[in-house]
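Novice: make a model of this:
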Amino acid sequence: MVRQGAVLIVDDDEAMREALADILGDEGYQTIEAASGSAALAAMREPGRQIALVLLDFVMPGMSGAGVIAEKMKDASIRDIPVILMTGFGKDEVDVDDGVVAIISKSTRTESWLAMVKNLCKP
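Specialist: Numbers count the residues shown, from 1 in each chain. So this is what the prediction gives:
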């Protein structure tokens with residue numbers, strides 16, 4: 001199912017958030033940025049906000065990507081929002097399954113992860 005709404009970009013690295021937002025913006029996507037796990041959950045839970053997809057960093061200070069996913073899965077109002085987990089580690093080093101539609105390396109070519117986004121949501 002292709003969803004409609006904003007793409008939530010969650011990364012503690014401001015330059016990474018801005019780069020992803022620029023690429024997605026050029027493709028016509030509306031983006032929302034969050035610098036932490038708690039900010040991501042707040043954005044997902046904001047009344048009236050429609051989030052189609054979350055691009056989530058795995059390693060962040062405070063609440064990790066795994067922590068965000070665990071909290072998201074407990075909340076029926078946001079549980080079904082798909083997540084692409086981004087990591088600097090190898091995919092085999094990431095132990096998260098529930099609530100994640102894909103795990104990608106941060107070094108993945110733009111065309112590859114952008115194709116995943118386009119398969120999951122439309123601008």
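
Novice: for the protein, which residue occupies the most central location?
Specialist: When Cα atoms, centre = their mean is applied to the chain, the residue found nearest the centroid is Leu55 (1.7 Å).

Novice: hmm, who's touching the strand or helix carrying that one?
Specialist: Leu55 belongs to strand 51-57 when assigned by DSSP states H and E. Here strand 51-57 makes contact (Cβ atoms under 8 Å, 6 or more residues apart in numbering) with 3-13, 16, 20, 32, 40, 43-44, 65, 68-69, 78, 81-87, 117, 120-122. Every residue, glycine included, has its C-beta placed from N, CA and C.

Novice: now for the next helix or strand after that strand, which elements pack on it?
Specialist: Note on strand 51-57: by DSSP H and E, the next helix or strand toward the C-terminus is helix 65-74. With contacts defined as 3 or more Cβ pairs under 8 Å, 6 or more residues apart in numbering; DSSP states H and E, helix 65-74 has these neighbours: helix 37-45, strand 51-57, strand 83-87.

Novice: given the last one, what are its sheet partners and their directions?
Specialist: Applying DSSP bridges, strand 83-87 is found paired with strand 51-57 (parallel), strand 102-105 (parallel).

Novice: redo those as a markdown table? Include mean pLDDT.
Specialist: Below are the strands paired with strand 83-87 laid out as a markdown table (pLDDT from 0 to 100):
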| stretch | mean pLDDT |
| --- | --- |
| strand 51-57 | 95 |
| strand 102-105 | 84 |
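
Novice: most packed of those strands?
Specialist: Neighbour counts (mean count of other Cβ atoms under 10 Å) averaged over each of those peak at strand 51-57, with a mean of 24.

Novice: dump it to CSV, restricted to CA.
Specialist: Only the C-alpha atoms of strand 51-57 are listed here, as CSV (Å, rounded to 0.1, in the frame of the first residue of the first chain):
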residue,chain,number,x,y,z
ILE,A,51,3.2,10.8,8.5
ALA,A,52,3.6,8.3,5.6
LEU,A,53,7.1,7.0,6.5
VAL,A,54,9.9,7.4,9.0
LEU,A,55,13.6,7.4,8.1
LEU,A,56,15.2,6.5,11.4
ASP,A,57,18.8,6.5,12.5
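
Novice: that's all I had, so thanks and see you.
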